[in-house]
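Participant: sequence and predicted model, in that order:
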Amino acid sequence: MFEFDDHLTLFEAPLNEARSKPVIDKARTLSSKPLTHVVISHHHFDHSGGLRVAVAEGLTVITHKDNEAFFKDLVARKHTVVPDELAKNPKPLKLELVDDQLTLKDKSMEVQLYHLLDNPREGTNLFAYVPRDRILVQADLYDASWQQHLWGANVLQNIERRKLRVDKDVPVHGVIEPYDQMVKTIKAKPTIPAN
Ligand SMILES: [Zn+2]
Ligand SMILES: [Zn+2]
């Protein structure tokens, strides 16, 4: 969660309602500031499955522009067998779409969102950079426990291309690490062709 001057912004709406609702509830106990936004890094369910409950909770969803049609469809679908929060409490989808980059900024916090470019795995991934703390927040791009880093070189290129001075990697999956360590691990376990 990112704490701005007068509001809070969550990073990811994970898995499903059963997971995302407690995350949202917990976030709201951590500060008296209102939780108003959620950044969804990409469309995979472990990052976006809580979309409907986030909408039901009134959060504005920030995501890559190419997710627009898919997210609109997910929110518009009926959910009648076991009605979810959104079925019980219909709300409009508020979307803030990112193309190449978007800076979220007020007087106490700045978070830069970047579209991950030329990635062999997916086309709509957004990663975040917090300049004050030189933190990279990334989803599915690197995890210290992986045996291979198939798109590791691409991730490092993206950080270089954006001229970011990262000190620390905060992954959605995996452990927080110094960026030096991340670079070392990627270079030590390069891509091995599958055949
Ligand atoms: Zn993913
Ligand atoms: Zn994931």
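Facilitator: Ah, there it is. Ligands and ions are numbered 1, 2, ... in the order given.
Participant: what's the most centrally placed residue in the chain in contact with, if anything?
Facilitator: Nearest residue to the geometric centre of the chain (CA atoms, centre = their mean): residue 41, 3.0 Å. Going by CB atoms under 8 Å, 6 or more residues apart in numbering, residue 41 touches 11, 12, 47, 63, 125, 126, 127, 138, 139, 140, 172. Quick note: C-beta positions are derived from backbone N, CA and C, even for glycine.
Participant: could you rerun that using 10 Å?
Facilitator: 11-13, 47-48, 62-64, 113, 116, 122, 124-128, 137-141, 172 (CB atoms under 10 Å, 6 or more residues apart in numbering).
Participant: which non-adjacent residue is nearest residue 30?
Facilitator: Excluding the flanking residues, the one nearest residue 30 by CB to CB, 6 or more residues apart in numbering is residue 1, at 7.0 Å.
Participant: that neighbour against residue 29, yeah?
Facilitator: No - counting by CB atoms under 10 Å, residue 29 is not a contact partner of residue 1; they are 11.2 Å apart.
Participant: quick one, which of those two is more surrounded?
Facilitator: Looking at residue 1 and residue 29 with other CB atoms under 10 Å, you find the greater number of neighbours at residue 1, namely 16 against 7.
Participant: quick one: low-confidence residue ranges for the protein.
Facilitator: Scanning the chain for pLDDT under 70 picks out 190-195.
Participant: beta partners for the residue nearest to residue 39 when sequence neighbours are not counted?
Facilitator: Using CB to CB, 6+ apart and skipping residues adjacent in sequence, the residue nearest residue 39 is residue 62, 4.6 Å away. Here residue 62 sits in beta bridges with residue 39, residue 96, as judged by DSSP bridges.
Participant: ok, residue 62 - contacts?
Facilitator: Applying CB under 10 Å, 6+ apart, the residues near residue 62 are 9-11, 37-41, 94-98, 102, 104, 111, 113, 126.
Participant: try it again at 8 Å.
Facilitator: Shown in contact with residue 62 (CB under 8 Å, 6+ apart): 9, 37, 38, 39, 40, 95, 96, 97, 98, 102, 104, 113.
Participant: and it, how far is that from residue 16?
Facilitator: 20 Å (CB to CB, to the nearest Å).
Participant: how about residue 95?
Facilitator: Residue 95 is 20 Å from residue 16, by CB to CB.
Participant: from residue 26, how far off is the residue nearest to residue 30?
Facilitator: Counting by CB to CB, the gap from residue 1 to residue 26 is 9 Å.
Participant: residue 50 too?
Facilitator: 13 Å.
Participant: just say helix, strand or coil for the residue nearest to the centre of the chain.
Facilitator: Of the three states, residue 41 takes coil under DSSP: H, G, I helix; E, B strand; the rest coil.
Participant: what parts of the protein come near ligand 2?
Facilitator: 46, 140 (CB under 5 Å from the ion).
Participant: helices of the chain, residue ranges please.
Facilitator: Secondary structure of the chain (DSSP state H): helices located at 17-29, 45-48, 51-56, 68-76, 85-88, 152-161, 179-188.
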